[in-house]
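*Asks:* Need a 3D model of the sequence below.
(2 chains)
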2 protein chains.
Amino acid sequence: MNLTQDDLQHLDARFRANLINSVTGYKPANLIGTISARGETNLAIFTSVVHLGANPPLIGFVQRPTGEVARHTLENILETGVYTINHVHVDFFARAHWTSAKFARGVSEFEKCGLMTEFIEGFAAPFVAESLIRLGVRFVEQIPVKLNGTVLVVGEIVAVIAPDNAVSKNGSVDLNAVGDVAVSGLDTYHRVAQIETLPYAKPENLPDF
Amino acid sequence: MNLTQDDLQHLDARFRANLINSVTGYKPANLIGTISARGETNLAIFTSVVHLGANPPLIGFVQRPTGEVARHTLENILETGVYTINHVHVDFFARAHWTSAKFARGVSEFEKCGLMTEFIEGFAAPFVAESLIRLGVRFVEQIPVKLNGTVLVVGEIVAVIAPDNAVSKNGSVDLNAVGDVAVSGLDTYHRVAQIETLPYAKPENLPDF
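*Replies:* The predicted structure follows:
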């Protein structure tokens, strides 16, 4: 398959959506938990969470311009200033996927999809009880992408909750051990198994390729 | 492990870098190929490529404020206006990893890391010959994240090159079939195997969870 810009413009819309959502490679699966000022919880799966910096610890996700579930997430974040990011594991990926259904405002995906809320002292947004790797995040800014109205939502990580035995001495999290899934396209879930950890790459240690 | 904002600020810098780079979940592995106005090729691995929209087909990646390899990539993109995104597979992930070494400006990671350039008619930036899923991208804009000087680089996909048998009738790409790897943290590579493709989630079809 060898598609030009002109070919891409004339593809069937559904085919293009599947293709373009696939070509970034494997994506993380995260549930973003929020609560409205009125106290209504919301949960939505996002595959666009991205690392933005370690100090301060900044994390981003992409908010599409349309889509009910997505908008509820950003609306709640703007109301309360906080949200949670919860990894999705092999044992509940289907429940996580169904949070993408367009439920009405005020309907909690936690209840509909069989996932439990968990709150921690002093933090308004709900965590997912079933998730082993969880972040509390404080909203920093939203940055619009001019060409299509998409928004990069930037937050600072203010809490990290993880099992002690999943974090190595150097700080790396063992995502295999907690059963994290990866996603391709809009709808396909994958299990993941480590091949190798490679050394920090310095020119003077370059292997003979 | 239960880290507060205060804990996070006082972590050892290396521990924090490994931790915060792990907590987004699995990441895609992509090589970004560029060429300077003087004709020097450059290749660098990025794990921050993210889907921004299907119509027009927009793709982003995060450019850190520091790091020689990364800067060469953005410098070249600003000079020529184009770049390539090439998926990393199981059979050459180590060579891809070594592109992250801080080689001097003008040194080509293609040559140093044993990867081959491939050019297509009418497009200046080099593709990676060893990669099966490859995108030609035209630079659209760079969007700064105020808090840490990181930049979201936005581009429009203007070419998609993939094996016919890796693209399904609905447009989804079979990333397992081409041997794409996933990444965790800064240095750990994984193989990936499909569990399941789930249906488009509509509230009226919600399973009984």
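
*Asks:* quick one: low-confidence parts of chain A?
*Replies:* Per-residue confidence for chain A (pLDDT under 70) gives these ranges: A:66-70.

*Asks:* Which stretches in it count as helices?
*Replies:* The residue ranges that make up the helices of chain A, judged by DSSP state H, are A:5-9, A:13-22, A:68-80, A:93-98, A:109-112, A:175-178.

*Asks:* Now do the fourth one: which elements does it pack against?
*Replies:* Here helix A:93-98 touches strand B:188-197, going by 3 or more C-beta pairs under 8 Å, 6 or more residues apart in numbering or on different chains; DSSP states H and E. Where you see a C-beta, it was placed from the backbone N, CA and C, and this is true even at glycine.

*Asks:* Pull up the pairing partners for the strand it packs on, direction included.
*Replies:* According to DSSP bridges, the neighbouring strands of strand B:188-197, each with its direction, are strand A:188-197 (antiparallel), strand B:182-184 (antiparallel).

*Asks:* List the buried residues of the longest one.
*Replies:* Going by neighbour count (16 or more other C-beta atoms under 10 Å in any protein chain shown), the buried part of strand A:188-197 is A:188-192.

*Asks:* Quick one: those residues as JSON lines, columns for distance to B:Asn176 too.
*Replies:* As requested, these are arranged in JSON lines below (distance: C-beta to C-beta, whole Å):
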{"residue": "A:Thr188", "distance to B:Asn176": "9"}
{"residue": "A:Tyr189", "distance to B:Asn176": "12"}
{"residue": "A:His190", "distance to B:Asn176": "7"}
{"residue": "A:Arg191", "distance to B:Asn176": "11"}
{"residue": "A:Val192", "distance to B:Asn176": "11"}
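
*Asks:* Can you tell me how far A:Asp7 is from A:Val90?
*Replies:* 37 Å (C-beta to C-beta, to the nearest Å).

*Asks:* so A:Gly185 sits right up against B:Asn176, yeah?
*Replies:* No: using C-beta atoms under 8 Å, A:Gly185 is not in contact with B:Asn176, being 11.8 Å away.

*Asks:* The two: which is more packed in?
*Replies:* A:Gly185 (24 against 16; other C-beta atoms under 10 Å in any protein chain shown).

*Asks:* if we can go back for a sec, in CSV, list the strands paired with strand B:188-197 along with distance to B:Gly149.
*Replies:* Written out in CSV, the entries for the strands paired with strand B:188-197 read as follows (distance: least, C-beta to C-beta, whole Å):
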stretch, distance to B:Gly149
strand A:188-197, 29
strand B:182-184, 23
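
*Asks:* and the residue nearest the centre of chain A, what are its bridge partners?
*Replies:* The central residue of chain A, meaning the one whose C-alpha is nearest the mean C-alpha position (C-alpha atoms, centre = their mean), is A:Asn30 at 3.5 Å. Note on A:Asn30: beta-bridge partners by DSSP bridges are A:Phe46, A:His87.

*Asks:* my read: it touches A:Thr84, true?
*Replies:* No: using C-beta under 8 Å, A:Asn30 is not in contact with A:Thr84; the gap is 9.5 Å.

*Asks:* I'd like the distance between the residue nearest to the centre of chain A and A:Val128.
*Replies:* Per C-beta to C-beta, A:Asn30 is found 10 Å from A:Val128.

*Asks:* quick one: common contacting residues for those two?
*Replies:* Taking C-beta atoms under 8 Å, 6 or more residues apart in numbering or on different chains as the contact rule, A:Asn30 and A:Val128 both touch A:Asn86.

*Asks:* residues touching A:Thr150, list them.
*Replies:* Neighbour list for A:Thr150: A:62-65, A:144, B:52-53, B:58 [criterion: C-beta under 8 Å, 6+ apart].

*Asks:* Show me just the buried residues among those.
*Replies:* Buried among the contacts of A:Thr150 (16+ other C-beta under 10 Å): A:62-64, B:52-53, B:58.

*Asks:* between the residues you listed, which is nearest B:Lys102?
*Replies:* When the buried ones among the contacts of A:Thr150 are compared for distance to B:Lys102 (C-beta to C-beta), B:Leu52 comes out closest, at 28.4 Å.

*Asks:* residues in contact with that closest one?
*Replies:* A:62, A:145, A:148, A:150, B:58-60, B:154.

*Asks:* Turn those residues into TSV, including distance to B:Asn205.
*Replies:* Written out in TSV, the entries for these read as follows (distance: C-beta to C-beta, whole Å):
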residue	distance to B:Asn205
A:Val62	26
A:Val145	32
A:Asn148	29
A:Thr150	27
B:Leu58	30
B:Ile59	31
B:Gly60	32
B:Val154	35
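
*Asks:* returning to that earlier point: which one of the strands paired with strand B:188-197 lies nearest to B:Ser100?
*Replies:* Go through the strands paired with strand B:188-197 one by one with C-beta to C-beta and the one that ends up closest to B:Ser100 is strand B:182-184, at 11.1 Å.
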